[in-house]
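Enquirer: Sequence and predicted structure below; questions after.
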Amino acid sequence: FVEKILRVQPQVTRLYLLVRASDAKSAKHRLDKQ
């Protein structure tokens, strides 16, 4: 998904990702895993 956005819109300089999880530890784990 992110790669597609950057391919279509190369002038994007900043991209924010929202990661939902039941607690902060699992959210960080999901971010590191991806």
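Expert: Okay, I see it.

Enquirer: now the residue nearest to R20 when sequence neighbours are not counted, what's its secondary structure?
Expert: Leaving aside its sequence neighbours, R20 sits nearest to A27 (CB to CB, 6 or more residues apart in numbering; 7.2 Å). All C-beta atoms are positioned from the backbone trio N, CA, C, and that covers glycine. Following DSSP: H, G, I helix; E, B strand; the rest coil, A27 is assigned to helix.

Enquirer: Could I get the contacting residues of A27?
Expert: Under the criterion of CB atoms under 8 Å, 6 or more residues apart in numbering, the neighbours of A27 are 19-21.

Enquirer: Which one of those is nearest to D32?
Expert: Nearest to D32 among those: V19, at 10.2 Å, using CB to CB.

Enquirer: who touches that closest one in this structure?
Expert: By CB under 8 Å, 6+ apart, the contact set of V19 is 27, 30-31.

Enquirer: circling back to that earlier point, any idea how far A21 is from the residue nearest to R20?
Expert: 4 Å (CB to CB, to the nearest Å).

Enquirer: What would the helix-or-strand element of the chain with minimal mean pLDDT look like as PDB? C-alpha coordinates only.
Expert: Among the helices and strands of the chain, helix 24-33 carries the lowest confidence by mean pLDDT, DSSP states H and E, at a mean of 76. Taking C-alpha atoms only, helix 24-33 is exported to PDB below (Å, rounded to 0.1, in the frame of the first residue of the first chain):
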ATOM      1  CA  ALA A  24       1.300  -0.100  23.000                       C
ATOM      2  CA  LYS A  25       3.700  -3.100  23.000                       C
ATOM      3  CA  SER A  26       1.700  -5.000  20.400                       C
ATOM      4  CA  ALA A  27       1.400  -1.800  18.300                       C
ATOM      5  CA  LYS A  28       5.200  -1.400  18.300                       C
ATOM      6  CA  HIS A  29       5.600  -5.100  17.500                       C
ATOM      7  CA  ARG A  30       3.300  -4.800  14.500                       C
ATOM      8  CA  LEU A  31       5.200  -1.800  13.200                       C
ATOM      9  CA  ASP A  32       8.600  -3.500  13.600                       C
ATOM     10  CA  LYS A  33       7.200  -6.700  12.000                       C
END
